[in-house]
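Engineer: Output the structure for:
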Amino acid sequence: MRKYLNLSTLILVVVIVATASSREPRPWKSRLAVTGSMCVWSPGGGDKELFQTSMGAGLSVMYWINPRTQIIARGTYAPLKGDAEYWYDKWGPDLEELADTVSAFDVFDVVGDLWTASLELRRLYPGGYNNYLYLGIGGDFYYFADVEGDYEIYGTAQPIKGTITDQRDATYAGGVHISPGLFFIFYRRLFVDAGVRLHFLYDGEDNPYWIEPSFSAGFRIF
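Structural biologist: Numbers count the residues shown, from 1 in each chain. Just a heads-up that it's a prediction; the model follows:
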């Protein structure tokens, strides 16, 4: 009987010690993660005349300064769908010069590339178990590559087909953004991030804005 009593006492002591140890605050350690994202770029201001809403993708590196503060370095790419009506009007005079007699011409499949790089400082606010609301602010660099469109000219012996290349008036731009969103942690190293970035561009021309909803999935390295 005494043998079983001693064993029970030992088990009870181990359970109490383990429980007390689990409640002790753990020292904070820096964390690093990588994320991949899908995003939608929606133009506003002057760029709304040039481009349409387009899908894109991004890659980020995320570093925790402390439990509630993150720094995110991010790069994105989006093949921007051009507004065919705008580029049709802009390219019309050039296309008419390609043939002596033109009865009609068409412009289609207008696409331009957008590359971005950004650095964001983000603050997390607890919203529940493993849920955080966040607000971020950051700086951005934008590169608008050449805009290309296919064309076809009618009214000649044989239709004339080809590709015409142009550029946005300012190919480079800087800017800032604000980013509210939701950060949800799954089991230990996995998390998802859903938010909206409101970009304000400065390009020396129209200084437009872009709205970018995004959804990211990430893995914490350490």
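
Engineer: buried stuff in the host helix or strand of Leu201?
Structural biologist: Secondary-structure assignment from DSSP states H and E places Leu201 in strand 190-202. Of all the residues in strand 190-202, those buried under the rule 16 or more other C-beta atoms under 10 Å are Phe191, Asp193, Gly195, Arg197, His199, Phe200, Leu201. Backbone N, C-alpha and C define where each C-beta goes, glycine included.

Engineer: where's the first one relative to Gly92, distance?
Structural biologist: Pointing back at Phe191 there. Remark: distance between Phe191 and Gly92 (C-beta to C-beta, to the nearest Å) = 50 Å.

Engineer: What of the fifth one?
Structural biologist: Counting by C-beta to C-beta, the gap between His199 and Gly92 amounts to 31 Å.

Engineer: Check the last one too.
Structural biologist: Relative to Gly92, Leu201 is positioned 28 Å away (criterion: C-beta to C-beta).

Engineer: related to what we said a few turns ago, format the buried residues of strand 190-202 as TSV; extra columns: distance to Ala217 and pLDDT.
Structural biologist: Listed next are these as TSV, based on distance: C-beta to C-beta, whole Å; pLDDT from 0 to 100:
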residue	distance to Ala217	pLDDT
Phe191	8	96
Asp193	8	96
Gly195	13	97
Arg197	17	98
His199	22	98
Phe200	27	98
Leu201	28	97
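
Engineer: with the residues you listed in mind, which one is nearest to Met55?
Structural biologist: For the buried residues of strand 190-202, the minimum distance to Met55 (C-beta to C-beta) is 14.9 Å, reached by Arg197.

Engineer: List the beta-bridge partners for that closest one.
Structural biologist: Glu212 (DSSP bridges).

Engineer: That one: what's it in contact with?
Structural biologist: His177, Ile178, Ser179, Ile211, Glu212, Ser214 (C-beta atoms under 8 Å, 6 or more residues apart in numbering).

Engineer: Same check on Lys29?
Structural biologist: Each residue near Lys29 by C-beta under 8 Å, 6+ apart is listed here: Phe222.

Engineer: one more time with 10 Å
Structural biologist: Shown in contact with Lys29 (C-beta atoms under 10 Å, 6 or more residues apart in numbering): Trp64, Phe222.

Engineer: pretty sure it is in a strand, no?
Structural biologist: No - checked against DSSP: H, G, I helix; E, B strand; the rest coil, Lys29 lies outside a strand; its state is coil.

Engineer: Let me know the pLDDT of it.
Structural biologist: With respect to pLDDT, Lys29 scores 78.

Engineer: and what of Pro79?
Structural biologist: 97.

Engineer: Of all the residues in stretch 61-79, which ones are buried?
Structural biologist: For stretch 61-79, the buried set under the neighbour-count rule, 16+ other C-beta under 10 Å, comprises Met62, Trp64, Gln70, Ile72, Arg74, Thr76, Ala78.
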